[in-house]
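Student: Fold the stuff below for me.
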Amino acid sequence: EKGEWTLLGLTAGVWMFTATAPGMLPAVHVLPVKFAQRQMQSAQGGQLTWSLPQWLTPAEEFPSLAGAAPLVAEGRALEALQFLSPALADDAAPALKCAAGQVALAIKQPAVAQQLFAGLQKTDPKNGCGPMGLASVALLINDWDTASKMLWSAREMVHRDQRTALASAITELQQVSALK
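Tutor: Below you'll find the model as predicted:
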């Protein structure tokens, strides 16, 4: 009812955390959870040691994306994909690129998400959505080094309530790099 959730019993691995609600665009973050350990000790005391606040954007703020929101909820990825094209334009507003990138992640289209977040980072380098989105894409395609670099870049740009989760993710990826 209040939009707060606790997840218990997560296994080690790369997790996609997606928040959706009627009339809202999805919010997506991809993060490693005790990835280097690969065992069931993914949470201390049954919970993660960090929280990951996610904020949903009303679909009405981006009329060109509004039609994608119900399609995402219904799992109709290919149909939702058509609504992302206005955000791919070079002159698209950074906020539109960010929201469209979140939709692309939600429908598991990492190539489109990468294009949107890279464009966002180019036009608005101080916007944390760009490197955070690129980190999510990198994790989805198993590019740990890029994910680590992007998370490092994003950690000072995102909301302070998300920084602990990013610091934990960076530590996880450093451990993976050490195992290589």
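
Student: C-alpha only now, for contacts and for neighbours.
Tutor: Fine.

Student: List the buried residues for the lowest-mean-pLDDT helix or strand in the chain?
Tutor: Across the helices and strands of the chain, mean pLDDT, DSSP states H and E gives its lowest value to helix 163-179, namely a mean of 82. Using 16 or more other C-alpha atoms under 10 Å as the test for burial, helix 163-179 gives Arg163, Ala165, Leu166, Ala167, Ser168, Ala169, Ile170, Thr171, Glu172, Leu173, Val176.

Student: wait, what's in contact with the third one?
Tutor: Looking back up the chat, that one is Leu166. Going by C-alpha atoms under 8 Å, 6 or more residues apart in numbering, Leu166 touches Leu31, Leu151, Trp152, Arg155.

Student: and it, how far is that from Trp15?
Tutor: Using C-alpha to C-alpha, to the nearest Å, one gets 13 Å for the distance from Leu166 to Trp15.

Student: now the most centrally placed residue in the chain: how far from Ala104?
Tutor: Nearest to the mean C-alpha position of the chain, by C-alpha atoms, centre = their mean, lies His29 at 2.5 Å. Going from His29 to Ala104 by C-alpha to C-alpha gives 12 Å.
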